[in-house]
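1. below: sequence and its predicted model.
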Protein chains: 2
Amino acid sequence: MSSQLRLAVDAMGGDLGPRSVVPACVRFLQNFPAAQLKLFGPRAQLEALFLEQRHPRIPDRLEIVDCEQVVTQECNPLQAVRHKRDSTMAEALRAVAEGDAQAMVTSGNTGALLALSRSVLGNIEGVRKPALGKSVPSGHGSCYLLDLGANVGCNAEDLLQFARMGIEAQHLHTGTPRADIEVALLNIGAEAHKGTAEIRRAAELLEADPEVNYVGFVEGHDIFTGAVDVVVCDGLMGNVAMKSAEGVIRLMGQKAFTIEKKGCFKRFFGQLAIKLLRKWRTQVEPARYNGASFVGVKGNVIKSHGGASSEAFYRAMVTAKECADANLAARVGAALVQAGERNSRAIG
Amino acid sequence: MSSQLRLAVDAMGGDLGPRSVVPACVRFLQNFPAAQLKLFGPRAQLEALFLEQRHPRIPDRLEIVDCEQVVTQECNPLQAVRHKRDSTMAEALRAVAEGDAQAMVTSGNTGALLALSRSVLGNIEGVRKPALGKSVPSGHGSCYLLDLGANVGCNAEDLLQFARMGIEAQHLHTGTPRADIEVALLNIGAEAHKGTAEIRRAAELLEADPEVNYVGFVEGHDIFTGAVDVVVCDGLMGNVAMKSAEGVIRLMGQKAFTIEKKGCFKRFFGQLAIKLLRKWRTQVEPARYNGASFVGVKGNVIKSHGGASSEAFYRAMVTAKECADANLAARVGAALVQAGERNSRAIG
């Protein structure tokens, strides 16, 4: 599988666009000598950017697919599906749909990506709502958090399905046997009476599912410091959790760099300390754990952070490679079909 | 005012209970030589703890009010109002209701506190839902975030009222003129079509209010790195934002201590780095910015973090003193009455 790995890459998303994507592609091909890339974007602009690289030529295993139409950040999901069917984003998705690539990566507009993914790839059979999920650093290694903002207003059945998809993704990511993967619901307290009616109803559904090792409610801090493996929530909550964590880590970096400037002694040790601090940050900063998977559609779709640097976009490409190697989308599909069959048998 | 300041302190809440409260009280009285404290809890237990302090006697300006009933973490809001009317928490609130103290502080059960506050103190006239709010560190100083979890399922009118209360609190906290206080709504994206129907409707109400300097939607990271002064949201989102930020900062500390143990050179600089890291953490860690105000009730009620150390509880007491000195509750009340009168005039 991995010897023929090909990723479809949307060159035109995010704040930096191809300026972060092109160096990430060069690095990716260096580090994965068997991988191939298909890069979607305006040929002339991309070629010019390759000339600026240290080895100014287009790598053999990279094919540029000339494509002018771009999905902007302002484009809403409906407009994307109606008017952006020839965009770099849509073309990259089509490469996955046609089996020409095993995964696609973009740092473009999230809403448009979700709408185009559903339209071009389609939902896995039985999936109510595909969700954005991501592995985040935690005290015991990593925790898979979903939904990160694909869906607002999820009901209990949606949350149960997120749990099943999350178990599959975390199993792939860590190798932990499915039965040992502890699943929790994000809430504002651990007590049973807390939260919305849908969260409490989801707790009943998860409790009743024999295939889900449900351990109860957790709070925001438990995503990072708790012992659970999968945390399930509505997209509004997941998005706020992820972005607040990013914000406070970024603020901490800013404060650190301010102190650094004061006093000679402090500056000297500050420099050394900041080096270590950067290392610690890299380990915990959720943005560095870059690349959220859009699980529940028929294909591996990886969303990189919109503000992604070339380093961060490279990491999203590695995440895409991992998903492609393990065939995450197909495995999530198989898991949900099995769950559906169990349910039918239980009802029948 | 501040020469007669008296705080009512619930000794029995939080993970550590009086073990964190008693040392915090001693330190508070040392640092504020004109302040008085009324401490509610089991006399014998509290006296024993004072004997363990460095100066083993009960300070002159501290009065212990003997009180055995305790609100546990498992107690739900209804049970609290029905069966815990003689608890340390309720008695401390009653001291504020009767004018015997200008503010109360507790690290106890949040749900019970909110229910008892409404019952013992009552809502300020015209307040739909009191909210938990807190000043958090941000790139430009501080940002007032509310609601932090008092209310789940807020509608647009609730959010508008949170904005008005937040402006008053932030004005008190920073001295920024009310008209210059930038207010934003927490959402999953800055674009107008994002979020729930209630969030979008709240945006219209805030936009239309001439007394609110509304600047639009912000995302989780903007709480800490953005330029806005007040961020308004449903309690579910605010709680997740705050606790996720706390969690990731705590995780970073854990990672640092793991690395510290490895290698001689690293250990040396690691020690220095950790010293600086601790300082930076103190500046950004939301738990250290301890003490959320329950705004919208007739009295100053301060909720300390449940896991509060003695250092953190001390900070919550300082927050309570600030609220009492400025008479936050009365000022929020006056601001809402004025807003109500403007609305009546506009309708009339």
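-> Noted; the coordinates are in hand.
2. now do the SS call for the residue of the stretch 1-150 of chain A found nearest chain B.
-> As assessed by C-beta to the nearest C-beta, chain B sits closest to A:G149 within the stretch 1-150 of chain A, at 4.8 Å. Backbone N, C-alpha and C define where each C-beta goes, glycine included. At A:G149 the chain is in coil, as set by DSSP: H, G, I helix; E, B strand; the rest coil.
3. from memory it sits against A:M237, does it?
-> No. Between A:G149 and A:M237 there is no contact under C-beta atoms under 8 Å: 9.5 Å.
4. the two: which is more packed in?
-> Ranked by neighbour count (other C-beta atoms under 10 Å in any protein chain shown), A:G149 and A:M237 place A:M237 first, with 32 against 26.
5. now that one: closest residue in space, sequence neighbours ignored.
-> In space, and not counting its chain neighbours, A:M237 is closest to B:V240: 5.0 Å by C-beta to C-beta, 6 or more residues apart in numbering or on different chains.
6. A:H55 now?
-> Excluding the flanking residues, the one nearest A:H55 by C-beta to C-beta, 6+ apart is A:V26, at 7.3 Å.
7. picking that back up, so what's the residue of the stretch 1-150 of chain A closest to chain B up against?
-> Counting by C-beta atoms under 8 Å, 6 or more residues apart in numbering or on different chains, A:G149 touches A:110, A:132, A:235-236, A:238-239, A:242, B:188-189.
8. of those, which belong to strands?
-> A:L132 (DSSP state E).
9. can you redo the contacts of A:G149 as TSV with neighbour count?
-> Below are these laid out as TSV (neighbours: other C-beta atoms under 10 Å in any protein chain shown):
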residue	neighbour count
A:T110	24
A:L132	25
A:G235	23
A:L236	26
A:G238	31
A:N239	28
A:M242	28
B:I188	26
B:G189	19
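10. which is the next helix or strand following the worst-scoring helix or strand of chain A on mean pLDDT?
-> Ranked by mean pLDDT, DSSP states H and E, the weakest helix or strand in chain A is helix A:264-284, scoring a mean of 64. Later in the chain than helix A:264-284, the nearest helix or strand by DSSP states H and E is strand A:292-295.
11. name the helices or strands packed onto that next one?
-> Counting contacts by 3 or more C-beta pairs under 8 Å, 6 or more residues apart in numbering or on different chains; DSSP states H and E, strand A:292-295 is packed against helix A:110-120, strand A:131-138, helix A:156-174, strand A:300-303, helix A:328-347.
12. list the contacts of that strand.
-> With C-beta under 8 Å, 6+ apart as the test, strand A:292-295 has contacts from A:113-114, A:117, A:130-134, A:146, A:148, A:150, A:165-166, A:168-169, A:300-303, A:319, A:323, A:328-329, A:332.
13. likewise stretch A:336-348?
-> With contact meaning C-beta under 8 Å, 6+ apart, stretch A:336-348 is reached by A:124-127, A:161, A:164-165, A:211.
14. of those, which is the most crowded?
-> Ranked by the number of neighbours (other C-beta under 10 Å), the contacts of stretch A:336-348 place A:M165 first, at 31 neighbours.
15. tell me the spacing between A:A44 and A:C67.
-> Note on A:A44: its distance to A:C67, by C-beta to C-beta, to the nearest Å, is 12 Å.
16. compare these two (neighbour count), which wins?
-> A:C67 (22 against 11).
17. and the contacts of stretch A:336-348 as TSV, adding distance to chain B and pLDDT?
-> Below are the contacts of stretch A:336-348 laid out as TSV (distance: C-beta to the nearest C-beta, whole Å; pLDDT from 0 to 100):
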residue	distance to chain B	pLDDT
A:I124	24	93
A:E125	28	89
A:G126	26	87
A:V127	21	91
A:Q161	20	95
A:R164	22	95
A:M165	20	95
A:E211	27	92
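18. among those, which pair sits farthest apart?
-> Within the contacts of stretch A:336-348, A:E125 and A:E211 form the most distant pair, 18.0 Å apart (C-beta to C-beta).
19. skipping its backbone neighbours, what lies nearest the closest residue to chain B within the stretch 51-200 of chain A in space?
-> Distances between the stretch 51-200 of chain A and chain B by C-beta to the nearest C-beta are smallest at A:I188, namely 4.2 Å. Counting by C-beta to C-beta, 6+ apart, B:N239 is the residue found nearest to A:I188 once chain neighbours are left out, at 4.2 Å.
20. now A:N300
-> Leaving out its chain neighbours, the residue that sits closest to A:N300 by C-beta to C-beta, 6+ apart is A:A103, at 3.6 Å.
21. shouldn't the one you found be in contact with A:V318?
-> No. Under the criterion of C-beta under 8 Å, A:A103 makes no contact with A:V318, lying 10.9 Å away.
22. wait, what's in contact with A:P42?
-> Contact analysis of A:P42 by C-beta under 8 Å, 6+ apart lists A:12, A:66-68.
23. just the ones of these in strands?
-> Among those, the residues falling in strands (DSSP E) are A:D66.
24. same for chain B: which of the contacts of A:P42 are within range?
-> The subset of these within reach of chain B, by C-beta under 8 Å from any C-beta of the partner chain, is empty.
25. for PyMOL, write a command that selects the buried ones of the contacts of A:P42.
-> To isolate the buried members of those in PyMOL, using 16 or more other C-beta atoms under 10 Å in any protein chain shown:
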select buried, chain A and resi 12+67
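26. need the max-distance pair from the contacts of A:P42.
-> Largest pairwise distance in the contacts of A:P42, by C-beta to C-beta, is 12.1 Å, between A:M12 and A:D66.
27. what sits in contact with each of these two?
-> Common neighbours of A:M12 and A:D66, using C-beta under 8 Å, 6+ apart, are A:41-42.
28. A:Q254 sits in which helix or strand?
-> A:Q254 is part of helix A:235-260, with elements assigned from DSSP H and E.
29. show me what that helix packs onto, helices and strands only.
-> Applying 3+ C-beta pairs under 8 Å, 6+ apart, one finds that helix A:235-260 contacts strand A:131-138, strand A:141-146, strand A:182-186, helix A:220-225, helix A:264-284, helix B:220-225, helix B:235-260, helix B:264-284.
30. buried stuff in that helix?
-> Buried residues in helix A:235-260, counted by 16+ other C-beta under 10 Å: A:235-253, A:255-256, A:259-260.
31. same thing with stretch A:303-319?
-> A:303-306, A:308-310, A:312-319.
32. what parts of the stretch 51-200 of chain A come near chain B?
-> For the stretch 51-200 of chain A, the residues in contact with chain B (C-beta under 8 Å from any C-beta) are A:73-74, A:76, A:110-111, A:137-139, A:149, A:152-153, A:186, A:188-189, A:191, A:193-196.
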